[in-house]
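Q: 3D model of this:
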Amino acid sequence: MNDRYLERAKERIENPKVLAVVASKRARQLARGAKRMVKTADKEFLDIALLEIAEGLLNYKAPKKK
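A: You can find the predicted model right below:
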């Protein structure tokens, strides 16, 4: 895992649990063939997902509390 990407992604999504879920879901999508939203030489899906989050290209919507 690229520590620079992780630190930048933490600035966008401060909650570590939410960041882990969002990054892992996106990495899974990439592994299944989803198109990258960033140009990078990285081949690790988690690194690509973290970079997408860090660049502000990937957002999440928290479910409403009942």
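
Q: going by C-alpha atoms from here, please, whenever you check contacts or count neighbours.
A: OK.

Q: what's the mean pLDDT across the longest helix along the chain?
A: Longest helix of the chain, by residue count under DSSP state H: helix 16-31. For helix 16-31, mean pLDDT is 96.

Q: the helix or strand that it is followed by versus helix 16-31: what angle between them?
A: The helix or strand immediately downstream of helix 16-31 is helix 45-54, counting by DSSP states H and E. Per axes from the mean of the first three to the mean of the last three C-alpha atoms, to 10 degrees, the angle that helix 45-54 makes with helix 16-31 is 120 degrees.

Q: how many other residues sit next to residue 54?
A: Using other C-alpha atoms under 10 Å, residue 54 is surrounded by 20 other residues.

Q: could you measure from residue 50 over to residue 24?
A: Distance from residue 50 to residue 24, counting by C-alpha to C-alpha, to the nearest Å: 9 Å.

Q: distance check, residue 24 against residue 66.
A: Going from residue 24 to residue 66 by C-alpha to C-alpha gives 26 Å.

Q: which of the two has more neighbours?
A: The neighbour count for residue 24 versus residue 66, taken as other C-alpha under 10 Å, is higher for residue 24 (16 against 3).

Q: excluding chain neighbours, what is closest to the more buried one?
A: Nearest residue to residue 24, sequence neighbours excluded (C-alpha to C-alpha, 6 or more residues apart in numbering): residue 46, at 6.7 Å.

Q: just residue 38 next, same as before
A: Spatially, and ignoring its direct neighbours in sequence, residue 38 is nearest to residue 52 (6.4 Å; C-alpha to C-alpha, 6+ apart).

Q: returning to what we had before: I figured the residue nearest to residue 24 hits residue 25, correct?
A: No - applying C-alpha atoms under 8 Å, one finds residue 46 not in contact with residue 25, separated by 9.3 Å.

Q: this completes my enquiry, with thanks.
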